[in-house]
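Participant: Need the 3D shape of this:
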Amino acid sequence: MAVKVTLRKKKITKERYSLYLDFYPAIPHPVTGDATRREFLKMYIPQSPKSKNEEQAIADTLSIAENIRSKRENQLNKPEIYTEFEKRQLEIKAKGEQDFIQYFTKLAEKRKSSNHDNWMSALKYLISFTGGVLKFKD
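Facilitator: Below is the predicted model:
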């Protein structure tokens, strides 16, 4: 069944609106797994613009929110059907999220010849410099 995603706004304090996505039917929450109908975008717009610049800022914010809505709807409605470009982007993102420290450690462990100490020293300094966390994309 297709999930309909609608961009909505909710009145909040300080004469602002909070933007959120409304899902029908409800989807599982990514963290808790409970059924949810809303995803707040943490984007806000004023209820009434006071200048031309503010009107433009509202239009830009709404445009960004609409792009998020569109991507979220595509993500929910066609998880197995991607264009070649989308597949390539997902592969690049997945590779970028891999841990470089872990990869370098495996390479260093393979070096059992005379330069093993050099590799281990480089690994030690890399861990010290990065705090032990370094992704390929970084």
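Participant: Check the residue minimising distance to the centre of the chain and give its pLDDT.
Facilitator: Computing the C-alpha centroid of the chain and ranking residues by CA atoms, centre = their mean puts Lys93 first, at 10.1 Å. Lys93 is assigned a pLDDT of 82 by the prediction.
Participant: Leu21 too?
Facilitator: The model reports Leu21 with a pLDDT of 95.
Participant: who touches the closest residue to it other than its chain neighbours in this structure?
Facilitator: Counting by CB to CB, 6 or more residues apart in numbering, the nearest residue to Leu21 once its immediate chain neighbours are dropped is Glu39, at 4.5 Å. For the C-beta atoms, the positions are set from N, CA and C on the backbone; glycine is no exception. The neighbourhood of Glu39, defined by CB atoms under 8 Å, 6 or more residues apart in numbering, consists of 20-21, 23, 72.
Participant: Check Ala2 too.
Facilitator: Neighbouring residues of Ala2 by CB under 8 Å, 6+ apart: Asn77.
Participant: could you measure it against Leu123, distance?
Facilitator: Counting by CB to CB, to the nearest Å, the separation of Ala2 from Leu123 is 49 Å.
Participant: Could you do Leu19 as well?
Facilitator: From Leu19 across to Leu123, the span is 46 Å (CB to CB).
Participant: between these two, who's got more neighbours?
Facilitator: Taking neighbours as other CB atoms under 10 Å, Leu19 and Leu123 compare with Leu19 leading, 21 against 16.
Participant: Report the distance from the helix or strand encompassing the more buried one to the chain centre.
Facilitator: Leu19 is located in strand 16-28, with elements delineated by DSSP states H and E. Averaging C-alpha positions (CA atoms, centre = their mean, to the nearest Å) puts strand 16-28 17 Å from its chain's average.
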